[in-house]
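**Q** test case, fold it:
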Amino acid sequence: MVTSFNLISEGLVWRVGNGRNLCIGSNSWLGSGQNHMLPAHLILHLRDRGFSCLVHVVDPNTTSIGWYSVAYLGLDVENLEHWDRYTMSLRDSHIRLVEKDDELIWNLDDTGVYTPKQGYDILSQDMNNREVAWWWSLLWKLKFPTKSRLFMWCILENKVPTRDNLQKRRKEELSHCPLCRNDFELVKHLFLSYSFSSAFWREVYALLKFPCVWEGVNLPECL
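**A** As a prediction, this is how the structure comes out:
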């Protein structure tokens, strides 16, 4: 779900019309590349002076469409380079304000419209190009129920709905494990370092007579 939302948001750009909806320094437009971003302090400075949308920085005194200068906007030398790069990107994109409204489009398709099928095709292509994990073939050859193998896949891919993953989806603060209250609820914590999990693994080691120390930042590395 998170990957799908990221795919949609990364492909969204503005087709500039009257410039009233495109926020300066944060919104990308068709052909903007990476130069649409401005530092947060510069965006706040512009907004404090009443310059928040693209239409606000059009210089009406120029014969052809132009943009307000650093001096007019009250910017210091520190922000000169940022603003010059931003306005240069506008010129390179041949931005011209017109009467119709700005239009938000999905730039990863010629139609400008996102569909679930297009998103699925792109994500499937990314998966096909992904480097094969060493545990993939081993996991599916294990002789236990399919639902257990699917759950193991979720653990190793860090897809289990632990507090850290829910925090990424809901933009909430990361909270502690509700079972022990001693550490954040991460996959590695639940299945390796949590007291019950640690006791389980100690019993397994004793039965197998195979001492082991878990090391690594995630479960695949530990394994």
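**Q** which helices and strands sit right next to the helix or strand containing residue 88?
**A** Assessed by DSSP states H and E, residue 88 sits inside helix 80-92. Packed against helix 80-92 by the contact rule (3 or more Cβ pairs under 8 Å, 6 or more residues apart in numbering; DSSP states H and E) you find helix 70-73. Bear in mind the C-beta positions are built from the backbone N, C-alpha and C, glycine included.
**Q** now the helix it packs on - C-alpha only, PDB.
**A** Written as PDB, here are the backbone C-alpha positions of helix 70-73 (Å, rounded to 0.1, in the frame of the first residue of the first chain):
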ATOM      1  CA  VAL A  70      15.900  38.600  -6.000                       C
ATOM      2  CA  ALA A  71      15.900  42.300  -5.000                       C
ATOM      3  CA  TYR A  72      12.100  42.700  -5.500                       C
ATOM      4  CA  LEU A  73      11.500  39.600  -3.400                       C
END
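**Q** give me the contacts around it.
**A** Contact with helix 70-73 is made by 46, 49, 51, 57, 59, 79-80, 83-84, as judged by Cβ atoms under 8 Å, 6 or more residues apart in numbering.
**Q** over to stretch 199-217?
**A** Identification of contacts with stretch 199-217 by Cβ under 8 Å, 6+ apart yields 188, 192-193, 221-222.
**Q** max pairwise distance over these: which two?
**A** Between all members of those, the longest pairwise span (Cβ to Cβ) is found for 193 and 221 and amounts to 14.0 Å.
**Q** pick out whichever of these two has more residues nearby.
**A** Residue environment comparison for residue 193 versus residue 221 gives the larger neighbour count to residue 193, 16 against 10, counting by other Cβ atoms under 10 Å.
**Q** mind checking pLDDT for that one?
**A** Confidence per residue is given as pLDDT, and for residue 193 that number is 82.
**Q** got the confidence number for residue 135?
**A** As summarised for this prediction, residue 135 has a pLDDT of 78.
**Q** can you show me the strands along the protein?
**A** Using DSSP state E, the strands of the chain run over residues 12-15, 58-59, 66-67, 103-106.
**Q** tell me which of those sits most buried.
**A** By mean neighbour count, with neighbours taken as mean count of other Cβ atoms under 10 Å, strand 12-15 ranks first of the strands of the chain at a mean of 18.
**Q** what helices or strands is that one leaning on?
**A** Using 3+ Cβ pairs under 8 Å, 6+ apart, the elements in contact with strand 12-15 are strand 103-106.
**Q** who's in contact with the strand it packs on?
**A** The set of residues that contact strand 103-106 without belonging to it, under Cβ under 8 Å, 6+ apart, is 8, 11-15, 17, 21, 30, 112-114.
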